[in-house]
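Colleague: how would this look folded up:
(chains A, B, C and D)
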Protein chains: 2
Amino acid sequence: MTLPILCPIVRRGVRLRAHCVSCAGTPPGGMQLAKGDFLYRQGDEARHVFAVTGGWLQVFVTTPDGKHAAARFVGPGDVIGLEALSPKTPTYLATTTALRTSRACAVSPSEMRTWFQENPDDAMALTALGVEDLATLQRRMVMNASLGADERVLELVKDFAARAQPGTWVELPATREQLGAVLGLTFETVSRALHRLADRGLIAVDGRRVRLEDGR
Amino acid sequence: MTLPILCPIVRRGVRLRAHCVSCAGTPPGGMQLAKGDFLYRQGDEARHVFAVTGGWLQVFVTTPDGKHAAARFVGPGDVIGLEALSPKTPTYLATTTALRTSRACAVSPSEMRTWFQENPDDAMALTALGVEDLATLQRRMVMNASLGADERVLELVKDFAARAQPGTWVELPATREQLGAVLGLTFETVSRALHRLADRGLIAVDGRRVRLEDGR
DNA sequence: CGTAACTTTGATCTTTATCAAGCCTCGTGG
DNA sequence: CCACGAGGCTTGATAAAGATCAAAGTTACG
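Modeller: Presented below is the predicted three-dimensional model:
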């Protein structure tokens, strides 16, 4: 008999369902998304909180004037759609789409409510998790403002690599254009930056696969 | 007899203390900060959640390589320092400093815990509030990536104006340099952008005071 | 096997950073 | 009361980074 596989959610310290420890990414109610599917769209009524259990998704924001650009990538362990917990008529504040086949576990606000009532510690942990995401985004924002293209791309590559085995090839889940959308760069600049980093010996690039050279 | 003044926190739908409705920004335990004071520093042990009840503060992030830049401004109604709710040894993930005399109400995690237990709805509201902040930051990030200097500055001015009476002069709580730090621009560019916007008739500028012309 | 999407690479142009100089305002001390 | 100085603001000239335009090579997939 094998050991129970830990749900990715548990790895970030929050259990979205009581039975999450044994769900292994396919909980009852867990849903599968094909590449290009939308998990939800900005402005939709927010009926569920989602825990990503597999794959990669991209979060988009549409500004009032119609501009829209990517904000961040979310992968296993990330909890999104917390707008559903808002007391006012909750609407999603961003659009989330699958970059590849992905899995997400959906939880309704009413489930969340009883869970919060029984486990205030989990409620606090989830709130803190949101702040962690906020801090990550703040960090990325600072980088986008203060670093050049090469360093920004390197940081993003490191972020993806941090979720995989160290020293191995990592498949970037996005096109150059999608990477650039998050970094505030064009796809040409992303391409050039990747190759400049390779020239500097910091990474190895092979199409969409990347490996960190050197220490981490 | 005057009506009770609503604590700014209530305006964003979350009561950090049961008696918040009557605290009017000076709750027991509320603290005053002088210009330049630090509310907390990145890396400090996170002992309190803070609700800003007056003034303006700026949030900084320091990246691992020592770079640091401003991430956002926080004012009355904002709740910060939610890192304190993290179950692991909680440390603040950013530095917050007062741009002018400000007030903040500090609440300990244990207080939050009992409050969450009694009011799961408030817990959900607070979590949702965090997501709102995340969405705001995502929006700003998208703008920083996709808009030019003028439009970015205009958006920031609008944000400040949105918290004041429409059509009135608004005092920007920050220097050109501090505004630029948030926008990813230099102070010269911020200065030029403000005057270009004034030339275009979109705003009126008088030193640190600004007024939106036209509809909003 | 053929097409569409993606990627690389080059040349040129725009925007914003950088460097620099002078001005204004406010607070402090003689 | 005035002189001074520091911090902040404006404005100009130049340089660098990245966007844009363009063309050709590569990969994925029906």
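
Colleague: distance of the nearest residue to A:T89 once chain neighbours are set aside relative to A:P90?
Modeller: Counting by Cβ to Cβ, 6 or more residues apart in numbering or on different chains, A:T89 lies nearest to A:E45, which is 7.3 Å off, once chain neighbours are set aside. All C-beta spots, glycine's among them, are computed from the backbone N, C-alpha and C. Here A:E45 is placed at a distance of 7 Å from A:P90 (Cβ to Cβ, to the nearest Å).

Colleague: any weak-confidence spans in chain A?
Modeller: When residues are selected by pLDDT under 70, those of chain A lie in A:1-30, A:64-68, A:215-216.

Colleague: all strands for it, in order.
Modeller: A:30-33, A:38-40, A:49-54, A:57-62, A:68-74, A:79-80, A:95-98, A:102-107, A:170-171, A:203-206, A:209-212 (DSSP state E).

Colleague: quick check, the longest one touching DNA strand D?
Modeller: No. Looking at strand A:68-74 against DNA strand D by Cβ under 7 Å from any atom of the strand, there are no contacts, and the closest approach is 11.3 Å.

Colleague: which neighbours in the sheet does that strand have, and how are they oriented?
Modeller: strand A:57-62 (antiparallel) (DSSP bridges).

Colleague: circling back: out of the strands of chain A, the one nearest B:Q58 is which?
Modeller: Evaluated over the strands of chain A, closeness to B:Q58 peaks at strand A:68-74, with 21.7 Å, by Cβ to Cβ.

Colleague: chain center to that closest one, what's the gap?
Modeller: The chain centre lies 9 Å from the centre of strand A:68-74; the measure is Cα atoms, centre = their mean, to the nearest Å.

Colleague: swap in stretch A:137-145?
Modeller: 16 Å.

Colleague: show me where chain A has its helices.
Modeller: A:8-11, A:109-118, A:120-146, A:149-162, A:176-183, A:187-199 (DSSP state H).

Colleague: how does chain A divide into domains?
Modeller: Using automatic domain parsing, the domains assigned to chain A come out as A:8-144, A:148-212.

Colleague: okay, those in CSV with distance to B:V182 next?
Modeller: As requested, the domains of chain A are exported to CSV (distance: least, Cβ to Cβ, whole Å):
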stretch, distance to B:V182
domain A:8-144, 9
domain A:148-212, 15
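
Colleague: what's the distance between the residue lying closest to A:V182 once chain neighbours are set aside and B:T63?
Modeller: With sequence-adjacent residues excluded and distances taken as Cβ to Cβ, 6+ apart, A:V182 is closest to A:A70, at 4.7 Å. According to Cβ to Cβ, A:A70 and B:T63 sit 21 Å apart.

Colleague: likewise A:S108?
Modeller: With Cβ to Cβ as the criterion, A:S108 and B:T63 are 38 Å apart.

Colleague: which of the two has more residues huddled nearby?
Modeller: The neighbour comparison of A:S108 against B:T63 (other Cβ atoms under 10 Å in any protein chain shown) goes to B:T63, with 16 against 12.

Colleague: might one say that that one is in contact with A:R139?
Modeller: Yes. Counting by Cβ atoms under 8 Å, A:R139 is a contact partner of B:T63 at 6.2 Å.

Colleague: who's in contact with A:L57?
Modeller: The contact partners of A:L57, by Cβ atoms under 8 Å, 6 or more residues apart in numbering or on different chains, come to A:33, A:39, A:73-75, A:80, A:96-99, A:102, A:104.

Colleague: take those and write them to TSV, including distance to DNA strand C and neighbour count.
Modeller: Below are these laid out as TSV (distance: Cβ to the nearest atom of the strand, whole Å; neighbours: other Cβ atoms under 10 Å in any protein chain shown):
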residue	distance to DNA strand C	neighbour count
A:L33	17	22
A:L39	19	23
A:F73	14	20
A:V74	19	22
A:G75	18	18
A:I80	23	25
A:T96	18	25
A:T97	12	18
A:A98	13	22
A:L99	10	20
A:S102	16	25
A:A104	22	29
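
Colleague: which of the residues you listed lies closest to DNA strand D?
Modeller: Closest to DNA strand D out of the contacts of A:L57 is A:L99 (12.1 Å), distances taken as Cβ to the nearest atom of the strand.

Colleague: ends of stretch A:158-176, how far apart?
Modeller: 16 Å (Cα to Cα, to the nearest Å).

Colleague: report the distance from it to the chain centre.
Modeller: 13 Å.

Colleague: so does that stretch get close to DNA strand C?
Modeller: Yes. Counting by Cβ under 7 Å from any atom of the strand, DNA strand C has neighbours in stretch A:158-176: A:175-176.

Colleague: of all the contacts of A:L57, which comes closest to A:E177?
Modeller: A:E177 lies nearest to A:L99 out of the contacts of A:L57, by Cβ to Cβ, at 11.8 Å.
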